[in-house]
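Trainee: with the sequence up front, the predicted model follows.
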Amino acid sequence: MGDFKIALIPGDGIGPEVSNAVRQILDVTGSRFGHNFHYDELLAGGIAIDATGQPLPEATLAGCQKSDAVFLGAVGGPQWDHLPGDSRPEKALLGLRSGLGLYGNLRPAILYQPLSGACPLHPAIAEKGIDILFVRELTGGMYFGDNGRREGKLGPEAYDTEAYSVLEVERIGRMAFELAAQRKNKLTSVDKANVLESSRLWRETMIRISKDYPGVALDHLYVDNASMQLIARPDDFDVVVTTNMFGDILSDEAAMITGSIGMLPSASLGAPGSPGMYEPIHGSAPDIAGQDIANPLASILSAAMMLRLSLNLPKEAAAVESAVTHVLADGYRTRDIMDKRQAESDLTCAGTQEMTRQVIERLSQG
Ligand code: IPM
Ligand code: MG
């Protein structure tokens, strides 16, 4: 029976709608299993720019640091697109990641069996199933390297720097090896070592630390080839570890092949004992905000990851995941995961709130 402090950052676009779903799911989990969740609602992103002039007010970072775990809906929207790089809503996300030391980003990409029709790959590939855990480095590389504008030989130019220290590669590598050891003992490291020096250091480091995990088979792919292989033989992958930039791109590809970006949760983790941050990997989707049509499942599954990884409540996490599986098996679909090939009579189109209610119904029954 626990009391937990959750920092809740609804953010922009569909963020508040999916955060609302998470709050309800945690409350129901709490009443079923005897826990209390206390929420500290904090501002970040465009809504924070409008209210305070800054994408990530100091009070928000401080509130997160005091919490047991953070849930973030989404940030960004067209009304803030004209702002300079450092004042954009996305800066809040990067500030939270670096401010909380969240160097490891776990993005599980699972093709749920009832959704196999929503997978755009050939049915022969889809029916083998997909269950890949992406481990993306989150506080280094090009996202945080030296950048700017300057006068170059050909006139004005801009640059972003990809730099990785041994320490950064080693800690994300160890996180990935540990996770691989809890799964199928298979780890694929993705880099561009045929071209980039930072990737050669990445690969060398992965090979060196692999000696400490003799049970885990390590292989390497160049990122261009990895993007092909993910489509050709997704069932061959188990845990994939890669850089911040490559992980951003490959995880969107993985979202597509598993049916919808509306299904993918994520966990961002730092040093043991520090609060993790949980967020759906879809963005703020301003085009569908406020219409009650966003898929809440990526957020609900992120809450399940929070229960398991930050709050040490594996039974509770499994109960949430099982409720989601049942809702899908019972034919409930938000618009993004509707399958036109399936008979309409077998499926029920549900909005954000209805989908959440369906999960809650199964979760509270146990
Ligand atoms: C993600 C997003 C972010 C990223 C953006 C919104 C800054 O695409 O979490 O994948 O690039 O990391
Ligand atoms: Mg992305």
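Mentor: Thanks, I have it. Ligands and ions are numbered 1, 2, ... in the order given.
Trainee: how many residues are close by Lys315?
Mentor: Here the number of neighbours of Lys315 (other C-beta atoms under 10 Å) works out to 10. C-beta: built from backbone N, CA, C; applies to glycine.
Trainee: helix or strand: which one has it?
Mentor: Lys315 belongs to helix 314-329 when assigned by DSSP states H and E.
Trainee: could you export that helix as CSV, CA atoms only?
Mentor: The C-alpha trace of helix 314-329 is given here as CSV (Å, rounded to 0.1, in the frame of the first residue of the first chain):
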residue,chain,number,x,y,z
PRO,A,314,4.7,-5.0,-11.5
LYS,A,315,1.3,-6.6,-10.6
GLU,A,316,-0.5,-3.3,-11.1
ALA,A,317,1.4,-2.7,-14.4
ALA,A,318,0.4,-6.1,-15.7
ALA,A,319,-3.3,-5.4,-14.7
VAL,A,320,-3.3,-2.2,-16.8
GLU,A,321,-1.6,-3.9,-19.8
SER,A,322,-4.1,-6.8,-19.6
ALA,A,323,-7.1,-4.5,-19.5
VAL,A,324,-5.7,-2.8,-22.7
THR,A,325,-5.2,-6.2,-24.4
HIS,A,326,-8.8,-7.1,-23.6
VAL,A,327,-10.2,-3.9,-24.9
LEU,A,328,-8.5,-4.5,-28.2
ALA,A,329,-9.5,-8.1,-28.3
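Trainee: packing partners of whichever helix or strand comes after that helix?
Mentor: Using DSSP H and E, the helix or strand that follows helix 314-329 in sequence is strand 332-333. When contacts are defined as 3 or more C-beta pairs under 8 Å, 6 or more residues apart in numbering; DSSP states H and E, strand 332-333 packs onto strand 348-349, helix 352-365.
Trainee: what sits up against strand 332-333?
Mentor: Asp339, Leu347, Thr348, Cys349, Ala350, Glu354, Met355, Gln358 (C-beta atoms under 8 Å, 6 or more residues apart in numbering).
Trainee: just to revisit the earlier point, please identify the buried residues of the helix holding Lys315?
Mentor: For helix 314-329, a neighbour-count test (16 or more other C-beta atoms under 10 Å) marks Glu316, Ala317, Ala319, Val320, Glu321, Ala323, Val324, His326, Val327, Leu328 as buried.
Trainee: let me see the mean pLDDT of the helix of greatest length in the chain.
Mentor: Scanning the chain for the longest helix, with DSSP state H as the assignment, gives helix 15-33. Taken as a whole, helix 15-33 has a mean pLDDT of 98.
Trainee: elements contacting that helix?
Mentor: Counting by 3+ C-beta pairs under 8 Å, 6+ apart, helix 15-33 packs on strand 3-11, strand 36-41, strand 69-74, helix 297-309, helix 314-329, helix 352-365.
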